[in-house]
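K.L.:
just coords:
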């Protein structure tokens, strides 16, 4: 019953409220798990993780994205701006498709290419198509972030209550049956949203009610504690770097004495709370990194990646890493590019890094637009996490962020030209 309601709800939102649908689709793996939780037998081990589901993992996202795209087409108000993002996406997609011909197993390579196109890069194109064509760009962006924010608080609270009711200690907070990384990713972007609301005093999201702003400050601390409880290093690093970059790009509010006093009190309260509850619960896995299996596996994956690239300068083909290592993929987007596509992948890496540098430079040198900085922060957040987790087709958050940021950057540039 829960699954049916979820399917109908997402399809309805895809037609009526696409921004909410995007928020749901990006975290469908977590939302879907709610229907499979057995509160009488909570399980957090790897053996209990929910299996891949064609309906929720593939069919529902594809149908929803098609509905959103169809809605835009039917309005006959299609707007789509081509920019440098298109070049990067085109190069990456071409490499994945052409790399299939050189895969160790072409059938597996072809399946991977289809996943990349339908479940990965499609988020870029549909997000850009919708947000480029909407008549309410600013409000739709706000709706997406608020929806994602509320999903993060809701699922975080459910996970915490279940985690606290579990008989034995669980090292990483997550929803039963789900991997901690997607869960931590949701909490991280929700915290960043709360931080932006707090630092801009609600200006970016047009929140003026002082009680809502106070409540947001409480949720900001709450989400930060939940992130610590997930004990996911990559997400924690991505969150910290993103907050630092956001602060550098947007010093107007951060450097105000009033906010600095609030921030000092906020951090002090978090530290005291963690000490009172127990440092081991929040940082147990982080403090034992040297003995952690995921660390040793990633180090081995990176070492294998460099060895494979050294012996195959033109790559081994799409999704072929698993035939040269005991892991399925390197858990690092850049390593995956050089393994699969060799020197061509290396060139693409240089282009990506140069592009990111130019974007940061552009944001520093141009008049501050807080929505644009927020969107870049989300893009940076998912980009950093791509250095530690998943494989190319799974980075739907990154592709979606690229699409919505590209759209708003074009809008910002056009508005700037009109004012000149």
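P.N.:
Nice, thanks for sending it over. No experiment lies behind these values; they were computed from the predicted model shown. Numbers count the residues shown, from 1 in each chain.
K.L.:
Please make it C-alpha for all contacts and neighbour counts, starting now.
P.N.:
Fine.
K.L.:
Give me the mean pLDDT for stretch 234-243.
P.N.:
Across stretch 234-243, pLDDT averages out at 91.
K.L.:
which residues touch that stretch?
P.N.:
181, 184-185, 188-189, 192, 227-228, 377-378, 380-382, 384-385, 388-389 (CA atoms under 8 Å, 6 or more residues apart in numbering).
K.L.:
per-residue pLDDT, residue 32?
P.N.:
For residue 32, the model assigns a pLDDT of 90.
K.L.:
and it, what element?
P.N.:
helix 28-33 (DSSP states H and E).
K.L.:
Look up phi and psi at the closest residue to residue 370 other than its chain neighbours.
P.N.:
Closest residue in space to residue 370, ignoring its immediate chain neighbours: residue 204 at 6.4 Å, by CA to CA, 6 or more residues apart in numbering. Torsion angles at residue 204 (phi, psi; degrees, to the nearest 10) stand at phi -60, psi -40.
K.L.:
Now do residue 204 against residue 413, distance only.
P.N.:
Going from residue 204 to residue 413 by CA to CA, to the nearest Å gives 18 Å.
K.L.:
Now do the buried residues in stretch 4-23.
P.N.:
6-7, 10-11, 13-15, 17-23 (16 or more other CA atoms under 10 Å).
K.L.:
And stretch 59-75, by the same measure?
P.N.:
For stretch 59-75, using 16+ other CA under 10 Å, the buried residues are 60, 61, 62, 64, 65, 66, 67, 68, 69, 71, 72.
K.L.:
Widest-spaced pair of these?
P.N.:
60 and 72 (18.6 Å; CA to CA).
K.L.:
re earlier: look at residue 204 and residue 413 and report which has more neighbours.
P.N.:
With neighbours defined as other CA atoms under 10 Å, residue 204 and residue 413 compare such that residue 204 has more, 17 against 10.
K.L.:
can you pull the contacts of that one?
P.N.:
196, 197, 370, 371.
K.L.:
Go through stretch 121-129 and flag the buried ones.
P.N.:
Those would be 121, 122, 123, 124, 125, 126, 127, 128, 129, for stretch 121-129 by 16+ other CA under 10 Å.
K.L.:
Rounded mean pLDDT for that stretch, please.
P.N.:
Here the average pLDDT along stretch 121-129 is 96.
K.L.:
Also stretch 205-217?
P.N.:
pLDDT averaged over stretch 205-217 gives 91.
K.L.:
likewise stretch 171-186?
P.N.:
On average, stretch 171-186 scores 91.
K.L.:
what sits up against it?
P.N.:
27, 29-30, 33, 37, 42-46, 48-50, 148, 152, 155-156, 158-160, 162-163, 226-227, 229-232, 235, 281, 284-285, 389.
K.L.:
now those: which count as buried?
P.N.:
Here, 16+ other CA under 10 Å leaves 27, 29-30, 33, 37, 42-44, 50, 148, 152, 155-156, 159-160, 162-163, 226-227, 229-232, 235, 281, 284-285, 389 buried among the contacts of stretch 171-186.
K.L.:
any idea how far residue 223 is from residue 315?
P.N.:
Where residue 315 is concerned, residue 223 sits at a distance of 41 Å (CA to CA).
K.L.:
Then residue 408?
P.N.:
35 Å.
K.L.:
and these two? which has more neighbours close in?
P.N.:
A direct count of neighbours by other CA under 10 Å for residue 408 and residue 315 places residue 315 higher, at 25 against 21.
K.L.:
so who does that one touch?
P.N.:
Contacts for residue 315 (CA under 8 Å, 6+ apart) come out as 308, 309, 338, 339, 340, 341, 342, 343.
K.L.:
And it, its phi and psi?
P.N.:
phi 90, psi 170.
K.L.:
about what we covered before: just put the buried residues of stretch 121-129 in JSON lines and tack on distance to residue 167.
P.N.:
Output for those, formatted as JSON lines (distance: CA to CA, whole Å):
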{"residue": "121", "distance to residue 167": "41"}
{"residue": "122", "distance to residue 167": "42"}
{"residue": "123", "distance to residue 167": "40"}
{"residue": "124", "distance to residue 167": "42"}
{"residue": "125", "distance to residue 167": "45"}
{"residue": "126", "distance to residue 167": "44"}
{"residue": "127", "distance to residue 167": "43"}
{"residue": "128", "distance to residue 167": "46"}
{"residue": "129", "distance to residue 167": "48"}
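K.L.:
Take the residues you listed and keep only those in helices.
P.N.:
Residues of the buried residues of stretch 121-129 located in helices (DSSP state H): 122, 123, 124, 125, 126, 127, 128, 129.
K.L.:
What are the boundaries of the helices in the stretch 251-400 of the chain?
P.N.:
For the stretch 251-400 of the chain, the helices defined by DSSP state H, counting those that start in this stretch occupy 251-254, 257-277, 279-287, 293-311, 333-365, 370-385, 396-419.
K.L.:
and the fifth one, what other elements does it pack with?
P.N.:
Counting by 3 or more CA pairs under 8 Å, 6 or more residues apart in numbering; DSSP states H and E, the packing neighbours recorded for helix 333-365 are helix 84-99, helix 293-311.
K.L.:
ok, back up a step: in CSV: the buried residues of stretch 59-75, plus pLDDT.
P.N.:
Formatted as CSV, the buried residues of stretch 59-75 follow (pLDDT from 0 to 100):
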residue, pLDDT
60, 94
61, 95
62, 96
64, 96
65, 97
66, 96
67, 96
68, 96
69, 94
71, 92
72, 92
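K.L.:
By mean pLDDT, point me to the weakest helix or strand of the chain.
P.N.:
helix 279-287 (a mean of 52; mean pLDDT, DSSP states H and E).
K.L.:
Could you list the low-pLDDT ranges of this protein?
P.N.:
Counting by pLDDT under 70, the chain contains low-confidence residues at 1-2, 76, 252-295, 416-420.
K.L.:
Kindly recompute the last result at 80.
P.N.:
Per-residue confidence for the chain (pLDDT under 80) gives these ranges: 1-3, 40, 45-52, 76-78, 166-171, 251-297, 366-368, 413-420.
K.L.:
How many neighbouring residues does the nearest residue to residue 376 once chain neighbours are set aside have?
P.N.:
In space, and not counting its chain neighbours, residue 376 is closest to residue 405: 6.3 Å by CA to CA, 6+ apart. Neighbour count of residue 405, defined by other CA under 10 Å: 26.
K.L.:
Report the contact partners of the closest residue to residue 389 other than its chain neighbours.
P.N.:
With sequence-adjacent residues excluded and distances taken as CA to CA, 6+ apart, residue 389 is closest to residue 331, at 4.5 Å. Residues in contact with residue 331, defined by CA under 8 Å, 6+ apart, are 298, 301, 386, 387, 388, 389, 390, 391.
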